[in-house]
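K.L.:
No letters, just coordinates:
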C-alpha cells in the first residue's frame with residue numbers, strides 16, 4: 001500500500017484532542033507532554049511534574065493559545081509534532097550551560113520533535129522543521145535555534161528515537177541551519193535566520 005503524503009500545519013488552540021491522540025497515554029515520552037523545556041529546572045520538580053501534572057499544564061497552554069508548534073498528518077491521522085516558540089518560553093534551555101548562546105526577544109527555538117512509531121524515517125521530521133521555520137518567521141523570529149543530539153563517541157551514528165527528541169544534526173543542516181557549536185561544547189547548537 002502506498003504511504004499517504006505528509007501534510008503539516010501550525011497548531012491551533014482547538015487542537016488539544018489531536019495532541020492527546022498523537023501523544024497517547026504516556027504523553028509522547030514518559031509523561032513529558034512537551035513540558036521538559038518549559039519548567040525552570042529538572043530534578044525533583046521534573047519528577048513531580050511528569051504525567052498528569054504536565055498534561056494539565058500543557059492542555060491549558062494549548063487551549064489558551066500559548067503554545068507555538070506544528071503538527072504532521074498522514075491522511076487524517078496525526079503522525080508528528082514539533083514544538084517551536086520564543087526562546088524565552090523555554091527557561092530550561094537557558095539553565096542548560098551547554099546551550100547558552102547570545103539571544104534576544106526575537107530569538108525562537110525548535111526544542112522538540114515527536115514522531116509516532118511507524119512513521120519515523122519517512123520524512124516527517126523534515127516536513128515539521130520546514131513548517132516550524134514558517135511558524136517562527138510569521139511570529140517575528142529573526143533568529144531560530146536548534147539543539148540536535150549527537151551520537152555518543154564510538155557509537156555507530158544511530159540514535160534511538162527516544163533520545164533524538166531535539167532532532168539530529170543532518171535534519172537541521174538539510175533545512176539550512178548553520179552549526180555554531182563552540183569548540184569542545186558537549187551539545188550542538190544550530191542557527192537559522194528565517195527569510196522575511
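P.N.:
The structure has been received and is ready for your questions. What you see is a predicted model; the values in this text were computed from it and never measured.

K.L.:
Residue 107 touches residue 136, doesn't it?
P.N.:
No: with contact defined as Cβ atoms under 8 Å, residue 107 does not reach residue 136; the gap is 9.6 Å. No exception for glycine: its C-beta is placed from N, CA and C like everyone else's.

K.L.:
Overlap in contacts, these two.
P.N.:
The contact sets of residue 107 and residue 136 overlap at residue 144 (Cβ atoms under 8 Å, 6 or more residues apart in numbering).

K.L.:
neighbour-wise, which of the two wins?
P.N.:
The neighbour comparison of residue 107 against residue 136 (other Cβ atoms under 10 Å) goes to residue 136, with 25 against 18.

K.L.:
Once you drop chain neighbours, what's closest to the most centrally placed residue in the chain?
P.N.:
In the chain, the centroid-proximal residue (Cα atoms, centre = their mean) is residue 112; its distance is 1.7 Å. Leaving aside its chain neighbours, residue 112 sits nearest to residue 83 (4.0 Å; criterion: Cβ to Cβ, 6 or more residues apart in numbering).

K.L.:
in its sheet, what does the helix or strand in which the one you found is found sit against?
P.N.:
Per DSSP states H and E, residue 83 falls inside strand 77-86. Note on strand 77-86: by DSSP bridges, its sheet partners are strand 69-74 (antiparallel), strand 107-115 (antiparallel).
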